[in-house]
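Trainee: Sharing a model that was predicted from the sequence below.
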Amino acid sequence: MPASEPTPPSVAPIERRVDAVHSVLDRHGLHPDEFVVEATRVADEQWVPENGARIVARAWTDPAYRARLLANGRAAAAELGFELPRHHRHLVFLEDTEQVHNVICCTLCSCTAFTIIGLPPDWYKDFDYRARVVRESRTVLKEMGLDLPPEVEIRVWDTTADTRYVVLPLRPRGTEGWSERQLAAIVTKDSMIGVARIAPPAA
Ligand code: FE
């Protein structure tokens with residue numbers, strides 16, 4: 001880096017950042033422990049990728065639902081009983097096709113539709129992923145094991161606080177006639193982020 005460019009500020013390790021938050025809360029007489037336990041329980045039990053998988057499987061098997069999902073993700077998720085935090089004002093499902101592959105990120109931090117696909121993986125929060133998936137998406141996806149043919153267009157979607165994206169992946173060949181439950185079982189969090197496609201079932 002040339003000497004004229006400013007040095008990016010260094011970021012303290014996560015433990016020191018957690019300690020700093022704790023000490024501020026202590027100073028204000030706040031005790032977040034119960035909240036943390038409860039939030040962790042909700043995240044483990046209710047904010048799971050099986051929710052998004054059910055939505056995807058319904059969209060794969062019910063064209064009318066698929067149309068409603070693409071028109072208004074929030075309303076379509078509610079049809080299956082999935083609520084979103086109020087500040088997730090828009091839930092947008094991005095339809096993969098043979099020609100177009102979608103991938104999501106949050107260049108600012110780690111936003112996801114976490115009630116639908118679960119909390120973001122650690123790599124999703126890395127500076128590396130957040131910066132590079134925008135600039136060199138094809139390379140990043142390849143490094144993550146998804147080698148897309150050059151003719152497939154990649155669209156990168158940057159999540160914001162009030163607009164959350166979920167990829168509606170391609171239904172793999174060889175799943176004709178499968179039940180919604182069977183289909184939901186093969187939908188992964190990675191496929192709803194867009195860093196993986198769902199492999200066809202082994203013959
Ligand atoms: Fe974010």
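Mentor: Received the coordinates, thanks. Numbers count the residues shown, from 1 in each chain.
Trainee: what's the nearest residue to the residue nearest to the spatial centre of the chain if we skip its chain neighbours?
Mentor: Compute the mean C-alpha point of the chain, and by C-alpha atoms, centre = their mean the closest residue is Ile193, 4.1 Å away. Distance criterion C-beta to C-beta, 6 or more residues apart in numbering; nearest residue to Ile193, sequence neighbours excluded, is Ile104 at 5.6 Å. Heads up, the C-betas are built off the backbone N, CA and C, glycines and all.
Trainee: Any idea what that neighbour is bridged to?
Mentor: Partner residues in beta bridges with Ile104: Trp157, with DSSP bridges as the criterion.
Trainee: That one is in contact with Val167, isn't it?
Mentor: Yes - checked against C-beta atoms under 8 Å, the pair Ile104 and Val167 is within contact range at 6.5 Å.
Trainee: Quick check: Leu168 touching Ala57?
Mentor: No - counting by C-beta under 8 Å, Ala57 is not a contact partner of Leu168; they are 10.7 Å apart.
Trainee: Any regions of the protein where pLDDT drops low?
Mentor: When residues are selected by pLDDT under 70, those of the chain lie in 1-8, 203.
Trainee: Could you rerun that using 50?
Mentor: Along the chain, the model assigns pLDDT under 50 to residues 1.
Trainee: Now do the SS call for Arg132.
Mentor: When states are read from DSSP: H, G, I helix; E, B strand; the rest coil, the local structure at Arg132 comes out as helix.
Trainee: Report how many residues lie close to the residue nearest to it when sequence neighbours are not counted.
Mentor: The shortest distance from Arg132 to any non-neighbouring residue, by C-beta to C-beta, 6+ apart, is to Val140 (5.0 Å). Neighbouring residues of Val140 were enumerated by other C-beta atoms under 10 Å; the total is 21.
Trainee: got a list of contacts for the helix or strand containing Val140?
Mentor: When secondary structure is defined by DSSP states H and E, Val140 falls within helix 137-143. Outside of helix 137-143, the residues within contact range by C-beta atoms under 8 Å, 6 or more residues apart in numbering are His101, Val103, Tyr129, Arg132, Val133, Asp147, Leu148, Ile154, Val156, Val195.
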